[in-house]
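**Q** Provided below for reference: sequence and predicted model.
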Amino acid sequence: MTAEKLARTATLGAALPALLLALWWVATADSTDPYVPPLSLIFSTFPETWTAERLQHDVIPSLARLLSGFVLAVVIGVAAGVAVGSFHGLRHTLEPVLEFLRAIPSPVLIPVVILFAGIDDTMKILVIVYGCVWPVLLNTVEGVRAIDSVLTDTSRCYGINRSARLRHLILPGASPHIFAGMRQALSLSIILMVIGEMFAASNGLGFSIVQFQRSFAIPEMWTGIIVLGLVGIALSLLLGLIERRALAWYFGLRRSQRRE
Amino acid sequence: MRNTFVLRWGQGLIGLAALIAVLELLPRTSLVSARYLPPFSTMMTALRRQLGEASFWSALLNTAQAWAIGLTIAMILGIVLGLVIGSFPLLRELTFSTIEFLRPIPSVALIPLVVLMFGTRMQGTLVLVVYASLWQVLIQVLYGVQDVDPVVRETARSYRFGRMAQVRHVVWPTALPFVMTGFRLAATVALVLTITAELVIGSPGIGKQIAVAQSSGAVATMYSLVIVTGALGVLVNLLARALERRVLAWHPSHRSEVIA
Amino acid sequence: MTSTVSKPPLTDTRPMLDVRGLKKVYGGGRTDPVEAVRDLTFSVAPGELVCIVGPSGAGKTTLLKCIAGLMQPTEGEVVLGAQTVSGPPAGMAVVFQEYGRSLFPWLTVRQNVELPLKEKKLPKARRTELVVKALSAVGLEHVHDSYPWQLSGGMQQRVAIARAVAYEPQVLLMDEPFAAVDAQTRADLEDLVRELWRRLGVTIVFVTHDIDESVYLGQRVIVLSSSPTVVMEDVTVDLPAERDQIGTRSSQRFGELRTRVYSLIQQAKHHHDL
C-alpha cells in the first residue's frame, strides 16, 4: 500500500468516528436528562473513576477470569474437536447431544453452576468455559473433516503418524477453522464474564458497572460501558494479530488461489 | 444410503440415551448430590408440572415475542444498512473502522443503561437483542454485496439498469445466500440475548422463570427450564436451517459460509 | 557419477515389487459392489522403471493405492522386498498428481522435504544434507524458504519429487504426476525423472494415461484393460538408455512402440464396449 493510499484509508477510517463523537458531544452538551449526561462530563469523570487502584481491583481480576476461561475452553474444545472429528462413529453418536448442549444459551447455566461451585471465581470461569467450548469444538470438528485427503494420504505414505500427525497435519490443517471458532468464543467470553460478575461478585468490571447503576452514579456507569467496549476492541485486535501471524500461510494460499 | 442414514440416527439416539442415563444415574448413585443435580426423571416431572401451568406458557410466549421482534428489526436494519453501505465504495471505506470498533463491544455492557431507561419492560431486551444480532446480518450482507461479479455489474450498467433495478436483479440475488447465513447466525444470537436479558434484567420470559426458580430453590424446575431453553435453541437452529435450504434451493451457488 | 551406468538385468531373481492376483471390489454389503480391479499380477525388478498405462477409469489409482498400502485389496497381495504390504511401507515414496494438495501449505519448501526425514529419526546434519541435495537435484536450490503456494505448478511438483527423492525410498510410486502441468513443463519433468532414476538407481513405478509419456519414460510398459481391470500386455521398451525429447520421440522404434501400445488401449476400450 502506498503512503498516499494509507493516508486516505486512515483519514476515511477516522472521519466517521470523529463525526459521531462530535455529534454526541454537541447533542448532550446541555443535557439535563440524568441518564444521558454530557459527554464532557463522562470524559472528565473517566480519570477519577478508572484509577490505578480500580484497574488493579476490578479490571485485572475480570481479565484474568476471562482469559483463563477462554484458554481452557480453547484447549478443551480443540482436544475434543480433534477426537470427535477423527472418528466417524464418535461423531455420529455425539452429534445430537452436542447440538442440544450447545443450543442451551450459556448464561442460563450461571444459576446451575452456582449450585456446584458457589459464587467465586471458579463459577465465573466454568461458565465462560462452558459457553466458549462449543464454537471452538464444532469449528474444530469441521476443520478436521475439511483436511485434504491427498494431504492425509501423503502423511501416511511418509510415515507421519501419531503425535507428528497431530502436530504437522491435523492441528495446522484445522487451524483456520479453529481460529474462526476462537473468534466467536472470544466475544462470548466477554459477555459471560460480564454476566457472571453482574450476577454475583464482589469485584470486576460487570460488578462495578452494576454498582454504579444501582447507586445512580450515571457518568461513572457510562465510563464503565466505555471501558468494557475498549476491552472488547482490544481483545479482538489482539486475537486478530495472533491470527494474522499464525495463519499467514492460509491467507497467502487464499490470495494465490484467487489470482489463478 | 437409507440404511446408513438409519444407522446414523440410531447412533445419535444411543448418544442421547447415554446422556439421559448419566443424568439419571449420577445423582442416584450419590456421585453427585441430588440437591445439586436431581435425577433426569425428577427434572421431567418438574417439566410436566410446568407444562400444566399458565405462567409457563405466557413466559414462553414473551420470550418468543421478544426474539421474533428483535430478530425482525435486526434483519431489516442489517439488510438495508448493508445494501446501502455495500453499494457505495466511499461509504464502505468511511464506515469500515466504525463497524469494526462497534462490533466487539459486548452487548451486555448496555444492560445497566437499558435497566435505567426501560426498567424490566420488553424494550430493554429488544435493545440488547437488536444490538447483538445486527452485526451478524450486516457483516454477511456486506460480504454478499462485495461478492457481486464485476462482469455482471458492468453488464447491468451497460444495459442502463437503474440503481434500484441493479440492486433488485444483480446485488440482491448474489447477496441472498449471505443474507440467509446472517439470518441463521442472528436467529441463534437473538435467542441467547433474549433469554440472557430476561435472566439478568428480569423482564418477563423463560429467563426470568429460571432466575425465580433459582432464588426459590426449586432446583428441578430450574433444570427443566434450562432443558426448555436448549430445546428452543435446537428448534431455532433447525427452523433457520430449513428456511435457508428452502430459500436457496434454486440458487446456483448453493454456497458454504465464508470463514473470515 | 557418469550417465552410462548399466541397469541391473531384468531377469533379477527376486523382484523388488510383486503384485499377485490383486482384486479390489468397492462397496458391497448394502450397496451394489463395484469391481474396480479384477486380477492383476506383475512384478518389478530392483532398479527398474516401469510405466503403467491404461484408459481412464481403468482402476489405475486403485492399483496405486493398494501398492502404496493406502487401501487393502479385496484379494491377492502386494509384496515389497520380502514383506507383504499391509499399510504404507517404510521403503516407499509416493508423488501424487495433485501437487498443490500434497504439499503442506503451512510448511516452507525446505520443511516440506525435511518433515518425513524427521519422522525417520535421521540426525539433523544428515537431514540438511539430504534436503540440500534433493532440492538441487530438481533445480530448486534458490527457493528453500518459499512456501509451496508461492511457486508455479511445475515447481510445486518438483518439490514433491524432491521430497520423495530425499526420503531415499526403495520404490518410488508416481501417480499421473504430470497430468496437471503444461506441456513444456511436462517434458522438462519427464527428463528430470529419467535423470534422477539413472543417477540414483531407484525403482520407479510410473502410472500415466499418456501413451507417449509411458513409452518415452519406461523400460517396460504394462498396459491395463478398462474396468474391471486386468493386465492386457507387458510391452518391453527396447529404446536406448540415452533418451531425449526430440531424437527419441522422432525415432522409428518409438513410433512402432507407441502404435503398439495405442492399439492395445483401443482394443481395451473396444473390449469393454462389448
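**A** That came through, no problem.

**Q** look up how far chain C lies from residue A:175.
**A** 8 Å (CB to the nearest CB, to the nearest Å). All C-beta atoms are positioned from the backbone trio N, CA, C, and that covers glycine.

**Q** what helix or strand is that residue on?
**A** For residue A:175, the element it lies in under DSSP states H and E is helix A:171-199.

**Q** what lies in contact with the following helix or strand past that helix?
**A** Sequence order places helix A:205-214 as the next helix or strand after helix A:171-199, per DSSP H and E. For helix A:205-214, contacts defined as CB atoms under 8 Å, 6 or more residues apart in numbering or on different chains pick out A:54, A:58-59, A:62, A:193-198, A:201, A:217-218, A:220-221, A:224-225, A:227-228, A:231, B:108-109, B:111-113, B:115-116.

**Q** any idea how far helix A:205-214 is from the chain center?
**A** 21 Å (CA atoms, centre = their mean, to the nearest Å).

**Q** got the buried residues for that helix?
**A** Neighbour counts over helix A:205-214 (16 or more other CB atoms under 10 Å in any protein chain shown) mark A:205, A:206, A:207, A:208, A:209, A:210, A:211, A:212, A:213 as buried.

**Q** how about stretch A:216-235?
**A** If you call a residue buried by 16+ other CB under 10 Å, then stretch A:216-235 has these buried ones: A:217-229, A:231-233, A:235.

**Q** out of those residues, who's near chain B?
**A** A:218, A:221, A:222, A:224, A:225, A:228, A:229, A:232, A:233, A:235 (CB under 8 Å from any CB of the partner chain).

**Q** any chance of those residues in TSV, plus distance to chain C, pLDDT and secondary structure?
**A** Output for these, formatted as TSV (distance: CB to the nearest CB, whole Å; pLDDT from 0 to 100; DSSP: H, G, I helix; E, B strand; the rest coil):
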residue	distance to chain C	pLDDT	secondary structure
A:218	51	90	helix
A:221	46	90	helix
A:222	45	90	helix
A:224	42	91	helix
A:225	40	88	helix
A:228	36	88	helix
A:229	35	87	helix
A:232	30	88	helix
A:233	29	87	helix
A:235	25	92	helix
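
**Q** flag the shaky bits of the stretch 1-150 of chain A, pLDDT-wise.
**A** The model of the stretch 1-150 of chain A has pLDDT under 70 over residues A:1.

**Q** now it against chain B: closest residue?
**A** Residue nearest to chain B within the stretch 1-150 of chain A: residue A:103 (2.7 Å; CB to the nearest CB).

**Q** what about that residue, neighbour count?
**A** Per other CB atoms under 10 Å in any protein chain shown, the neighbour tally for residue A:103 reads 21.

**Q** just to check, it is in contact with residue B:227?
**A** No - look at residue A:103 against residue B:227 with CB atoms under 8 Å: they stay out of range, at 10.5 Å.

**Q** so where do the strands sit in the stretch 101-250 of chain C?
**A** Using DSSP state E, counting those that start in this stretch, the strands found in the stretch 101-250 of chain C span residues C:171-175, C:203-208, C:220-224, C:229-236.

**Q** pull out the buried residues from the longest one.
**A** Which is strand C:229-236. C:229, C:230, C:231, C:232, C:235.

**Q** quick one, what contacts residue 15?
**A** Went with chain A since none was named. Residue A:15 sits next to residue B:94 when contact means CB under 8 Å, 6+ apart.

**Q** wait, I meant chain C there
**A** Applying CB under 8 Å, 6+ apart to residue C:15 gives the contacts C:43, C:44, C:45, C:46, C:79.

**Q** which SSE is it in?
**A** Applying DSSP H and E, one finds residue C:15 in no helix or strand.

**Q** same check, this time on residue C:18
**A** Using DSSP H and E, residue C:18 sits within strand C:17-26.

**Q** list the buried residues of that strand.
**A** Buried residues in strand C:17-26, counting neighbours by 16+ other CB under 10 Å, are found at C:17, C:18, C:19, C:20, C:22, C:23, C:24.

**Q** could you give the angle of it to strand C:229-236?
**A** 150 degrees (axes from the mean of the first three to the mean of the last three CA atoms, to 10 degrees).

**Q** helices and strands around strand C:17-26, which ones?
**A** Counting contacts by 3 or more CB pairs under 8 Å, 6 or more residues apart in numbering or on different chains; DSSP states H and E, strand C:17-26 packs against strand C:34-44, helix C:60-67, strand C:75-80.

**Q** what's the closest of the ones you listed to residue C:182?
**A** For these, proximity to residue C:182 was assessed by CB to CB; helix C:60-67 is nearest, at 21.9 Å.

**Q** shouldn't residue B:82 be in contact with residue B:134?
**A** No - judged on CB under 8 Å, residue B:82 makes no contact with residue B:134 at a distance of 9.9 Å.

**Q** partner strands of whichever strand or helix holds residue C:94, parallel or antiparallel?
**A** If you go by DSSP H and E, residue C:94 is part of strand C:92-95. Take DSSP bridges as the rule and strand C:92-95 pairs in its sheet with strand C:171-175 (parallel).

**Q** near chain A, which residues of the stretch 51-200 of chain B show up?
**A** Residues of the stretch 51-200 of chain B that fall close to chain A, judged by CB under 8 Å from any CB: B:90, B:93-98, B:101, B:103-113, B:115-117, B:188, B:191-192, B:195-196, B:199-200.

**Q** helices along the stretch 51-200 of chain A, start to end?
**A** Using DSSP state H, counting those that start in this stretch, the helices of the stretch 51-200 of chain A run over A:52-54, A:60-86, A:88-103, A:109-117, A:121-145, A:149-157, A:162-165, A:171-199.

**Q** buried residues, the fifth one. List them.
**A** Same thing as helix A:121-145. A:121, A:123-144.

**Q** relative to helix A:109-117, how tilted is it?
**A** Using the same axes, to 10 degrees: helix A:121-145 against helix A:109-117 is 120 degrees.

**Q** for residue C:33, give me its contacts.
**A** Residue C:33 makes contact with C:25, C:26, C:27, according to CB under 8 Å, 6+ apart.

**Q** nearest to residue A:94, of these?
**A** residue C:27 (26.8 Å).

**Q** leaving out chain neighbours, which residue sits closest to residue C:214?
**A** Closest residue in space to residue C:214, ignoring its immediate chain neighbours: residue C:51 at 3.8 Å, by CB to CB, 6 or more residues apart in numbering or on different chains.

**Q** hang on, isn't the one you found packed against residue C:220?
**A** Yes - contact criterion CB under 8 Å: residue C:51 and residue C:220 qualify, at 7.2 Å.

**Q** show me which of these two is the more surrounded one.
**A** In terms of neighbours (other CB under 10 Å), residue C:51 is the more surrounded of residue C:51 and residue C:220; the figures are 26 against 18.

**Q** quick one: low-confidence parts of the stretch 1-150 of chain B?
**A** For the stretch 1-150 of chain B, residues meeting the criterion pLDDT under 70 lie at B:1-5.

**Q** tell me which stretches of it form helices.
**A** Going by DSSP H, counting those that start in this stretch, the stretch 1-150 of chain B shows helices at B:2-28, B:40-51, B:54-87, B:89-102, B:111-118, B:122-146, B:150-158.

**Q** done for today, thanks.
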